[in-house]
Every structure is written in structure tokens, then in C-alpha cells.
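J.: let's see this in three dimensions:
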Amino acid sequence: LLDPAAEYGRWITERPLARITLWGDTHPWLVTRHEDARAVLSDPRFSSRNTRPGFPGLQPTPPPTTPGQLFAMDPPDHTRLRRMLIPEFTFRRVEQLRPAIRNITAELLDGLAKQERSADLVEHFTLPLPLLVICELLGVPYEDRDFINRHAAAFATVTAGPEAMRAGWGALFGYLQELLAAKAREPGDDLMSKLATERVATGEASAAEAAGLLVQLLIAGHETTASMLSLGVVALLRHPDQLAALRADEDLVPGAVEELLRYLTVVHIGMRRIATEDVEVGGVTIRAGEGVVVALQAANRDPAVFADPDRLDLTRDADRHLAFGHGLHHCLGQSLARAELQIALPMLFHRLPGLRLTGLAAEEYAFEGRAIHGVRELPVAW
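T.: Below you'll find the model as predicted:
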């Protein structure tokens, strides 16, 4: 549950760039070494446009794109749209959100503490926390959480097939288009209202582009953090010495979160690119038109960068991890995710003393076929 496939560790030294096969007739390069991963993700000669012929996509055929899909864009459109969101995700802005995150965390823990000392932590804490935060930030009604979770999960389940993924994205896209139109008529103090009144109304972005941006923020803003919270709890409970150190020293929290991000690396589908011209990476020439899949979970266990990489060590300097990606497409919401993890994990273990896993082993609850690694349930007692 907590470790990437053992083959990655071997490939880092034996086959750091290796040809792989996708869909029978697509043969991209798999990148596992940290240095090579950074090189690919920071090089503008590798494109993110998933409609290019030969792109190493998640499905055999390229999905139809909707406007505003930053993850599938290159400059200048990527630059234009990303700049619209940056002010809401700066370190300073996120610091202002910390009191609200603490309040949401405390309310959820109050609800947990009233139960019979056992619960599914995913249902009652690790999923609602980031969803509440992102809903408040965007201006999305939390009452629609079942609809949001259902369609976000459909989009993120790559083994369900292209139609199911397309349907999940489409449902959220239509839902947010309607909300965006409502915000244009009656704006509030939230990111969606700002997009409607300051970007769409002025012609800087189309309504469809704004809706596409909001879909990504809504999905990425809770799916990844929810998985990190769940797996972070499992990792700490399975390493009681590390948990004890975290409890004993509050100053350890920021670095501990970076180490958990490195160690767990919940994005398991790879960062996918295609070369627009010949590029040399790690002594290998990748030809124009060839695809690349960067395995972040491998790069974050590279022994050339992280000594004894398969060991969880909360005192380690893990700042060079690639859990949020790197380069042009590095995660826009990384400061928000860090704040949620830094606040929620210590508060959880303080409020629920003796927290422990119960029932079946956590592996029994692992997601299958999901783009984001995690657990669908996490039964605990305290």
C-alpha cells in the first residue's frame, strides 16, 4: 500500500530510460531517475498536448478536449489561463486560509469524537476536509458533495474506460458552467465569482475555459489531498517511532509533511509528455514525436538523491521531491495541500489518542484502477 512496485527501484539503476508498450502500438519512454524526470518536466521541447499523434495517453484513443484543461495545454494558452489563478494560490493567500482550515478540521474532529470511538476515517475526515476547503475557496456548494465525489471518481478511474472518464468530466463541466453563470448574476467572495466578473466578463477567458479550470481545481483540490491524508495516517501508524517524534516536536511538522509527500507520492499514472523535437535525456536521444511517461513514484525513491529511499524518515531533508511535479505544470495548489496536511495530521493525532487501524488490513481497501493512489475506506478506532 505504501510502496511503489519493486521493479521501479531496479529500473532506476538498470534501465533509467526504458521503452514501454501502451495500447499495443505506442512505445513511449519510461523515465524513473530523479535527474531525468526534472529534465523532462522542465524542458519546453516536451509538450503536454494530449491530442498530438503518439501522445502516451491514459486511453487508446485521445479524449475529446474541453477548453481550460491546463494539464493538456502548452504556452501561450497555458500561461494565459494559469496566470488567472495564481493570485488565489500564493503562499500569502494560503496563509490567510489557515484559520479556516483549522476550524473545518476542528469541526470534523468534534463530529468524530462524538462517535463510539470507531469510524471510517475516509468518510468522516480525510475526504470531507479537503472537499470542504476547496468548495469554500471556489464557491461550490458543499451540499453537492455526493454528485462531485461520484463524477470526480468516475473521471479518475482510468480502468473504467474512456466513455466513463469522459462522462465524469462532462458532468462536472456542465455543473460548473451553470454555477459560473449564476455567479456572474450574483457574485460572492470566492474564486468562481472572480473568474466570472473579472475574467469572463472582460473577455480575458471564455465561460467554457473558466469552467474547465474550475473542474480541474475541484478534482485536484480534494482527490490528491484526501489520499495523502489517508495514506499519511497509515504510514504514521505503521511507523510508531516516527509518529512519536512528530508528536514530541511541533517544529518537525513542515519537514515531516515533505517526507510523507516524497514517500507516498500518490500520483501513480505518470506525468505524460511528447517530444516536439529531438532531445537528449540521460544520454538517450528521444526523437521528435516520441512519448515520455515520468514515474514520479520512482523518482522520489531515487537513492542518488534520497539516502535509503524506502525508509520513512521525518527528519530527512525531502525538499527535492517531485510529488507536485516540476516545471511549467507543477501543482498550482501545492501550498494549499501543504497547509491542509500540516494542520490536519497533528490535530487528528492530538484529538484522537490511541488512534489505530482496525478490521482488515488497509491494503484490502486500496483503490483499484484510480489515477490517484489511496484507500476508499480507512476503518480506525481510538
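J.: need the nearest residue in space to residue 126, chain neighbours excluded.
T.: The shortest distance from residue 126 to any non-neighbouring residue, by Cβ to Cβ, 6 or more residues apart in numbering, is to residue 229 (3.9 Å). Quick note: C-beta positions are derived from backbone N, CA and C, even for glycine.
J.: and the one you found, how far from residue 5?
T.: 23 Å (Cβ to Cβ, to the nearest Å).
J.: between these two, who's got more neighbours?
T.: Per other Cβ atoms under 10 Å, whichever of residue 229 and residue 5 has more neighbours is residue 229, with 25 against 12.
J.: and the more buried one, how close does it get to residue 131?
T.: According to Cβ to Cβ, residue 229 stands 11 Å off from residue 131.
J.: so which strand or helix has the most centrally placed residue in the chain?
T.: The geometric centre of the chain, computed from its C-alpha atoms, lies nearest to residue 224 (Cα atoms, centre = their mean), at 3.6 Å. According to DSSP states H and E, residue 224 maps onto helix 207-238.
J.: beyond that helix, next helix or strand please.
T.: By DSSP H and E, the next helix or strand past helix 207-238 is helix 240-248.
J.: chain neighbours aside, what residue packs nearest to residue 355?
T.: Excluding its sequence neighbours, the residue lying closest to residue 355 (Cβ to Cβ, 6+ apart) is residue 382, at 4.6 Å.
J.: isn't that neighbour right up against residue 357?
T.: No: using Cβ atoms under 8 Å, residue 382 is not in contact with residue 357, being 10.8 Å away.
J.: output the lowest mean pLDDT helix or strand found in the chain.
T.: helix 145-156 (a mean of 85; mean pLDDT, DSSP states H and E).
J.: in that one, which residues are buried?
T.: 145, 148, 149, 151, 152, 153, 154, 155, 156 (16 or more other Cβ atoms under 10 Å).
J.: which of these lies closest to residue 35?
T.: Closest approach between these and residue 35, by Cβ to Cβ: residue 156, at 29.3 Å.
J.: where do the helices sit along this structure?
T.: 6-14, 34-42, 77-85, 91-113, 121, 128-138, 145-156, 162-185, 191-194, 207-238, 240-248, 253-264, 296-299, 334-351 (DSSP state H).
J.: so which of these is nearest residue 278?
T.: Closest among the helices of the chain, once you apply Cβ to Cβ, is helix 34-42, at 13.7 Å.
J.: that closest one packs against which elements?
T.: Judged by 3 or more Cβ pairs under 8 Å, 6 or more residues apart in numbering; DSSP states H and E, the packing partners of helix 34-42 are strand 271-275, strand 279-281, strand 291-294, helix 296-299.
J.: counting contacts, what elements does the shortest one pack onto?
T.: Strand 279-281 sits against helix 34-42, strand 284-286, with contacts defined as 3+ Cβ pairs under 8 Å, 6+ apart.
J.: select, out of the ones you listed, the one closest to residue 294.
T.: That would be helix 34-42 among these, by Cβ to Cβ, at 4.8 Å.
J.: now that closest one: mean pLDDT?
T.: Across helix 34-42, pLDDT averages out at 98.
J.: and stretch 122-130, by the same measure?
T.: On average, stretch 122-130 scores 95.
J.: how long is it from one end to the other?
T.: End-to-end distance of stretch 122-130 (Cα to Cα, to the nearest Å): 11 Å.
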